[in-house]
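> Fold the following and give me the result.
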Amino acid sequence: MESSIASGENYLSCKLPGGYGGFSSLTFTSPAASQAFLDNVPFQKGPSLGTKFTLACPYTILAHYLELGWAPEYGVEEGLVRISVGVEEREDLLEGFKVALRAAESAM
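Residues are numbered from 1 along each chain as shown. This next block holds a predicted model:
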């Protein structure tokens, strides 16, 4: 994967208007499924999004840790995961997500 990260060819072919990459939020059927996804997704974890490589962030836990009691009242699920998609090869990304989603499904 490192060579594709360095070249940025995937990013240039897929970037959105304005020059920014893909960003998604995922929710799961249970906190256990969310945790299994994060434990098994083979990408970096961290609170800072916007790097050349894919990052996964347990958003609610990081951003609202002291407010976990009220977050659901405003539609913010405890298991919310945010993904900032980097410039890795498409097949590497898909395989990584498949592995993590299978783990999440097994945790339900």
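> CA atoms for contacts and neighbours, from now on please.
Noted.
> Next, count neighbours for S24.
Neighbourhood size, S24 [other C-alpha atoms under 10 Å]: 10.
> Where does the closest residue to it other than its chain neighbours sit: helix, strand or coil?
Of all residues not flanking S24 in the chain, I83 sits nearest, at 5.2 Å (C-alpha to C-alpha, 6 or more residues apart in numbering). The three-state assignment at I83 reads strand, by DSSP: H, G, I helix; E, B strand; the rest coil.
> I'd say I83 and P58 touch.
No. Between I83 and P58 there is no contact under C-alpha atoms under 8 Å: 9.1 Å.
> where do the strands sit along the protein?
Remark: strands assigned in the chain by DSSP state E are 23-26, 44-45, 55-57, 81-84.
> Report the strands that pair with the second one, each with its relative direction.
In this case it means strand 44-45. Under the criterion DSSP bridges, strand 44-45 sits next to strand 55-57 (parallel) in its sheet.
> hmm, who's touching the partner strand?
The contact list for strand 55-57, computed with C-alpha atoms under 8 Å, 6 or more residues apart in numbering, reads 38, 41, 43-47, 49, 81-86.
> if you set the cut-off to 10 Å instead, what comes out?
23-25, 37-38, 41-49, 63, 80-86 (C-alpha atoms under 10 Å, 6 or more residues apart in numbering).
> mind listing what the residue nearest in space to the middle of the chain touches?
Centroid-nearest residue in the chain: I83, 2.4 Å away (criterion: C-alpha atoms, centre = their mean). Contact analysis of I83 by C-alpha under 10 Å, 6+ apart lists 22-26, 43, 45-46, 49-50, 54-59.
> Now tell me which of those the prediction trusts least.
Across the contacts of I83, the member with the lowest pLDDT is L49, scoring 60.
> could you redo the strands of the chain as a markdown table and give each row distance to E73?
Output for those, formatted as a markdown table (distance: least, C-alpha to C-alpha, whole Å):
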| stretch | distance to E73 |
| --- | --- |
| strand 23-26 | 18 |
| strand 44-45 | 26 |
| strand 55-57 | 21 |
| strand 81-84 | 18 |
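> ok, and which of those has the densest surroundings?
strand 55-57 (a mean of 22; mean count of other C-alpha atoms under 10 Å).
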